[in-house]
Structure formats: C-alpha cells, structure tokens
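Novice: no FASTA, just this:
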C-alpha cells in the first residue's frame, strides 16, 4: 500500500508540473518547447548531483579536497558544473531580461567542461519567440519542485519527470512525437516479456532511449545488478539522439554505446561486430526510402532480399544478424508483415519460420502508437529454441497471443495497456516458454501451434487464425427466451393500440375552420 501511495504522489508531481509548464508555452510549438523544458530538467538534475558532491568536498578541504577541481567529479562519475551554469546562479538570474543568453552560455560552459556532453545540450533559450519572463517562471517552477527529503530522491523524481514529459510532448506533437517516443506501455510489455537481466541490450533505432531506461528498471526491480547489462544503440535523427543521451544521463546510465549518424543502421551500421543478448526495438513501419536498392547484395539478407519499397523484413534480418548465439529479440512491426507476400516477403517469412527463429507473435490493440494508426504486432525471436535449464523445448512451436481486445483509451485517439494487461500477456509467454511454467491454450486469446500447422496455412502469422473464438457459456434456453420475447411483443402491441386510440380521440377534438371564415 505504501508503494502505491508513493507512486500516486509521484504521478501528482509529474502532472502538476506538466500543467504548469505547459501554461508557460504561449506561442511556442510543442516540438520547440520540448528542448526548452527537457534541457532545463537535465540541467537541474546534473546540478543536484554536482551540488551534493561539492558540499562533501567543501567539508573535506582541510583534508586536501578541492571542490572546484573537475577531476574530483570525473572520478565519481558526476558532471562538473561551472559557476556560470549552476542552478543557484541561473535561478538568481531568472528575472533578468538576458536570462535566455545566460542559460545558453551555461549550456556551452557545461559542454566545455564535460566532453561526453559535447553537442548534446540545447542552446535555444535566447530565441526571440521565447519570452524571457516565461523562461524565468519556468526556471523557478523547475527549481521549486518538492523532491522530498533526500538528494537521491531528488534525482529519482527528476528522472520520472523527464520520462513523463517525453511522453506528454510526444502526445502534444502527435504523429511527429511517435518518431522519438514509443508508448511506455508497449516498452514495458517488450521488456517484461524478454526479461533482459544480464548481457548486451541493443536497439538500432533507439529514439529517445526508452527501451534502455525500462531495461535498467527491470533489472533494479528484480534485485539485479545494473552493471550486469550494457547498452548499445543507434539513431539517425540527431535531435532525437540528443534526447536519448540526456534521458540516459539523467538516469545515470552509461550511454557511450549509443551512436548517431545521419545514414542510419542500414547504410552505416555503428555496431557492425556487435552480437547482442537482447534486442528491443520499434523501427518505423513500412519505410519505403530505406536505400534497399543499393543494399541488394548485403550479407545481412540470409533469409531473402527485402523488397526495395518496404524495410520491414530488412529490419527483421538486421536484428537477427546482430543476435548472439543464444540471443533473443522483441520488436514491433506493422501487422501487414504477418501476412504480406509482396516482392518475396512471404518467402522470407517462411524461411524465418522454418529456421525456427520465430518464438511468439502478439497481436496488439489499435491506437497504441502516436505516429500511425497502422495495426501492429510484436515479434519475439530466439536464435536457439532448444531446451536448457530455464527454457523448455519449443523448437517446433510458435506461441500466438491475440491481445486486440486489451487496453483502455486515455483520450479519443490513443489507447494504452494497463499493468494487468502487461502481466497477463507476459505471464502467458513465460508460462509457455519456461521449464517451470503452467501453460494452457485459451480460446480467443492464446494458442501454442506446431510449425507444421503454420505451414498448412501458408506461413501466415496472424494470431486470429490460430487462437480461434473465445468460449462462451451456452446457457441459452429456447422456451424461456421465446416466452420472454412473446411477452415483450404483446406488451408493445398493447401499448401501440393504446397510443393509436389516444391519437384518434385527439383528432376528433380538432375543430376545423368554416369556409366562410
């Protein structure tokens, strides 16, 4: 109960802060304002960590400590914040008309002192469309967040606020927001199903880094060691990559392995030699301009050359190419990839199935994604499906889960999965996959299907083809139902006769005018 109350308080802080910050937006669109707000939250976060260590070093001056020595902070994995960028200085300057330039200069100063932040922080605060008064109010707002009673709590709250704001800005930007943000419930479902507890986690289209943040949360919540996983990512949009770097830094996650280049994963693979233990990804759906024409002979296409006009099966084979011998992948794809036979896609899908790589398919509800109304599904793949101490032998089976009826609307356009929905889907997969699991088919929801049956249906992977219709209790009693309907009909006929009589009576009361009048 205490944990639930804490979560409710946390949610209240996030929602209240968002409403207040959004009121200060005025004539700035959400895409621009995102950089303004998230940059300040990041600045506040690194200031908290810096000030905590600065206070400790100040107390140890007589022992030779130097609170202004950058190396002292580097040794503790804390960003050094120069005087002109410290939150106390910025907040004391918040009412000045030059506050925008002061913040921009502070961002430059931080990057100069911390090479790992070079080119990452936003310098957008001196723009003409950002009112200095509103910026000062925003600085005060973020500076006055009630964090609780500890420095650690402060950093934790800011991490949640940053994550919450990413989602809110994605909603505000609509379709464009989906380019940098995968809905939280989808990320949670992928991570809960894959359980990335140890090894290398890779996302070659990482957006703002939500898959990595959730993977680290999974390890923490299961009493694992954060150091047991390492992350690798790639992003082609530089602005989104900057968001990812800030998102990870605010969580204390090492983002050294998260790379940017404008060519993207297909043309310029930043991790050519990486073999990942877990791949978690949400690539853009049905991309047509993915340079497929210049990659016809690429070594990654082990199971067939993807069509020039659609990257879906290029992504699938890119993921498989990067899987370690016992690696697993959980990825989002447009639902059309489950059935498409265009330009050899059906043959590629057949080869993946026959090779035993497809582990589980989850049909998702509509309206989960911000950037598209295209129906989507999750694909789970494993390099080796042979039994071991944890997993049973599913080499010749595929689990199908039809989750189309789960989830709830959060507004007119968007739906999300509840924690109960996520637990139901994930536990179904674990019970099917794990040695100690207790799995049973549930009509209309899940079915474990032999590959031979999938072959009979021409290698189509739509879950609805296999799970059937839900069982319904057949308590229909014809005599009882007929008697009830007959009584209702007789009652309605009697009412109709009564109304007709009243209408006729009222007609007789109407006096028609004389011709001479």
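Specialist: Done, it's in. Just so it is clear, the structure is predicted and the values come from calculations on it, not from any experiment. Numbering: from 1, shown residues only.
Novice: For the helix or strand where residue 345 lies, name the packing helices and strands.
Specialist: Assigned by DSSP states H and E, residue 345 belongs to helix 345-354. When contacts are defined as 3 or more CB pairs under 8 Å, 6 or more residues apart in numbering; DSSP states H and E, helix 345-354 sits against helix 312-321, helix 451-456. Bear in mind the C-beta positions are built from the backbone N, C-alpha and C, glycine included.
Novice: to the chain's geometric centre, what's the distance from the shortest one?
Specialist: Its chain's average C-alpha position is 33 Å from that of helix 451-456, according to CA atoms, centre = their mean, to the nearest Å.
Novice: Start at 284, not 1
Specialist: Sure, I'll start counting at 284 from here, so that last one is helix 734-739.
Novice: Which positions in the helix or strand just after that helix come out as buried?
Specialist: Proceeding C-terminally, helix 734-739 gives way to helix 747-750 as the next helix or strand, assigned by DSSP H and E. Residues of helix 747-750 classed as buried by neighbour count (16 or more other CB atoms under 10 Å): 748-750.
Novice: Tell me the one among those nearest to residue 562.
Specialist: Looking at the buried residues of helix 747-750 and their distance to residue 562, the nearest is residue 749, at 24.9 Å (CB to CB).
Novice: Low-confidence stretches in this structure?
Specialist: Counting by pLDDT under 70, the chain shows low-confidence ranges at 284-294, 429-438, 754-764, 795-800.
Novice: so which strand or helix has residue 386?
Specialist: When the helices and strands are read off by DSSP H and E, the one containing residue 386 is helix 382-396.
Novice: hang on, I meant residue 539
Specialist: Using DSSP H and E, no element contains residue 539; it sits outside every helix and strand.
Novice: Next one: the nearest residue to it once chain neighbours are set aside from residue 352, what distance?
Specialist: Distances taken as CB to CB, 6 or more residues apart in numbering place residue 399 nearest to residue 539, at 7.7 Å, with adjacent residues excluded. Distance, residue 399 to residue 352, using CB to CB, to the nearest Å: 18 Å.
Novice: Could I get the full set of strands for the stretch 534-683 of the chain?
Specialist: 541-543, 559-564, 606-617, 641-646, 659-665, 680-685 (DSSP state E, counting those that start in this stretch).
Novice: what about residue 333, distance to residue 425?
Specialist: Computed as CB to CB, the residue 333 to residue 425 distance reads 16 Å.
Novice: before we move on, what about residue 396?
Specialist: In terms of CB to CB, residue 396 sits 21 Å off from residue 425.
Novice: Likewise for residue 655?
Specialist: Distance of residue 655 to residue 425, computed by CB to CB: 33 Å.
Novice: circling back: show the secondary-structure elements that the helix holding residue 386 is packed against.
Specialist: In this structure, helix 382-396 packs against helix 313-341, helix 370-375, helix 415-426, with contacts taken as 3+ CB pairs under 8 Å, 6+ apart.
Novice: Buried by neighbour count: which residues of that helix qualify?
Specialist: Burial within helix 382-396, assessed by neighbour count using 16+ other CB under 10 Å, is assigned to 382-383, 385-390, 392-394, 396.
Novice: how much does that helix deviate in direction from helix 313-341?
Specialist: Angle of helix 382-396 versus helix 313-341, following axes from the mean of the first three to the mean of the last three CA atoms, to 10 degrees, is 60 degrees.
Novice: what about the residue found closest to residue 547 once you drop the neighbours it is linked to in the chain, how many residues close to it?
Specialist: Of all residues not flanking residue 547 in the chain, residue 519 sits nearest, at 3.9 Å (CB to CB, 6+ apart). Residues near residue 519, counting by other CB atoms under 10 Å, number 18.
Novice: repeat for the one 3 residues further on
Specialist: Other residues near residue 522 come to 15 when the count uses other CB under 10 Å.
Novice: Over to the one 5 residues further on?
Specialist: Residue crowding around residue 527 was assessed by other CB under 10 Å; the count is 26.
Novice: Would you check that it makes contact with residue 538?
Specialist: Yes - checked against CB atoms under 8 Å, the pair residue 527 and residue 538 is within contact range at 7.0 Å.
Novice: any residues in contact with both of these two?
Specialist: Common neighbours of residue 527 and residue 538 (criterion: CB atoms under 8 Å, 6 or more residues apart in numbering): 492, 495, 516.
Novice: Any idea how many residues pack against the first one?
Specialist: Right, the one you point to is residue 492. Residue neighbour count, defined by other CB under 10 Å, stands at 29 for residue 492.
Novice: I figured it hits residue 541, correct?
Specialist: Yes - between residue 492 and residue 541 there is a contact under CB under 8 Å: 6.9 Å.
Novice: Need the residues touching each of the two.
Specialist: Residues touching both residue 492 and residue 541 (CB under 8 Å, 6+ apart): 516, 527-528, 531.
Novice: what's the most distant pair in those?
Specialist: Using CB to CB, the shared contacts of residue 492 and residue 541 span at most 9.9 Å, a distance reached by 516 and 528.
Novice: Mind checking which of the two has more residues around it?
Specialist: Between residue 516 and residue 528, counted using other CB under 10 Å, the more crowded position is residue 516 (28 against 24).
Novice: For the more buried one, give me its contacts.
Specialist: When contacts are counted by CB under 8 Å, 6+ apart, residue 516 is found next to 485-487, 489, 492, 495, 527, 538, 540-542.
Novice: pretty sure it is in a strand, no?
Specialist: Yes - the assignment for residue 516, made by DSSP: H, G, I helix; E, B strand; the rest coil, places it in a strand.
Novice: Distance of the residue nearest to it when sequence neighbours are not counted relative to residue 683?
Specialist: Leaving aside its chain neighbours, residue 516 sits nearest to residue 489 (3.5 Å; criterion: CB to CB, 6+ apart). Computed with CB to CB, the distance linking residue 489 and residue 683 is 28 Å.
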